[in-house]
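*Asks:* take this sequence and fold it.
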Amino acid sequence: MATLIIFRHGQSVWNLENKFTGWVDVELTEKGMQEAKNAGEKLKPFKFDLAFASDLKRAQNTLTLALEVSNQPNVPTTYNKALNERMYGDLQGLDKTATAEKYGDEQVKIWRRSYDIAPPNGESLKDTASRVIPYFKAEIEPKLKEGKNIVVAAHGNSLRALIMYLENMTPQQILEFEIGTAIPRHYELDGDLKVLKAENL
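*Replies:* This is a model prediction of the structure:
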């Protein structure tokens, strides 16, 4: 049996400013740092063998703060862009409200919430899944099968792709699944990586 815990980064500067962030490498806010520390409190009952995060500092810094608070700052950690947030293309850096006014609420909702329609020059959730899931299968699943306990810090959409895979959700189900900032989701997995338990901490 193995433990997997995944969580989204804490509030970032552009979350606060209501901007499409995607691959832009923005910092955490003070609130985001505190959210990461709160996540660390929830991780204290668990002991991790390995940690993974995206190539973006908001996820990396969230992971670092959480592991420090959970009294295990030296967990071997791997960063990889396969776990990055969905790339929002031409929308990156734009205010979400202003973008809705320009293109219409319905079009922006389609870009944000459809499974396979990408914003201009960006990625759909399907595109994001096509890099997240192969990476998870190649790099993380073998370690889980060895019984290693693993923590992953990533982003709303890269985690949606992963949760869809782990919990056998349909595209519609996952698009309606809300992922709050820095709320750990805890999985207990059997030797075949079947999910025995899935819960938010």
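*Asks:* quick one: the strands in the chain, in order.
*Replies:* Taking DSSP state E as the test, the strands found in the chain are 2-8, 50-53, 77-79, 150-154, 185-189, 195-200.
*Asks:* any chance of TSV for those, columns distance to Gln172?
*Replies:* C-beta: built from backbone N, CA, C; applies to glycine. Formatted as TSV, the strands of the chain follow (distance: least, C-beta to C-beta, whole Å):
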stretch	distance to Gln172
strand 2-8	21
strand 50-53	28
strand 77-79	32
strand 150-154	22
strand 185-189	20
strand 195-200	18
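*Asks:* just say which of those strands is most tucked in.
*Replies:* strand 150-154 (a mean of 27; mean count of other C-beta atoms under 10 Å).
*Asks:* and it, which strands flank it?
*Replies:* strand 2-8 (parallel), strand 50-53 (parallel) (DSSP bridges).
*Asks:* any chance of these in a markdown table, plus mean pLDDT and distance to Val151?
*Replies:* As requested, the strands paired with strand 150-154 are arranged in a markdown table below (pLDDT from 0 to 100; distance: least, C-beta to C-beta, whole Å):
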| stretch | mean pLDDT | distance to Val151 |
| --- | --- | --- |
| strand 2-8 | 97 | 5 |
| strand 50-53 | 98 | 5 |
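*Asks:* of the ones you listed, which is nearest Glu85?
*Replies:* Glu85 lies closest to strand 2-8 among the strands paired with strand 150-154, at 9.4 Å (C-beta to C-beta).
*Asks:* pull the residues that contact that closest one.
*Replies:* Residues from elsewhere that reach strand 2-8, judged by C-beta atoms under 8 Å, 6 or more residues apart in numbering: 39, 43, 46, 48, 62, 66, 140, 144-156, 159, 162-163, 166, 179-189, 193, 201.
*Asks:* hang on, the earlier thing: dump the strands paired with strand 150-154 into TSV; add distance to Pro73 as well.
*Replies:* Formatted as TSV, the strands paired with strand 150-154 follow (distance: least, C-beta to C-beta, whole Å):
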stretch	distance to Pro73
strand 2-8	16
strand 50-53	10
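*Asks:* stretch 174-182 spans what distance, first to last residue?
*Replies:* With C-alpha to C-alpha, to the nearest Å as the measure, stretch 174-182 spans 18 Å from end to end.
*Asks:* and the helix-or-strand element of the chain with minimal mean pLDDT, how far out from the chain middle?
*Replies:* Ranked by mean pLDDT, DSSP states H and E, the weakest helix or strand in the chain is helix 171-175, scoring a mean of 88. Counting by C-alpha atoms, centre = their mean, to the nearest Å, helix 171-175 is centred 15 Å from the centre of its parent chain.
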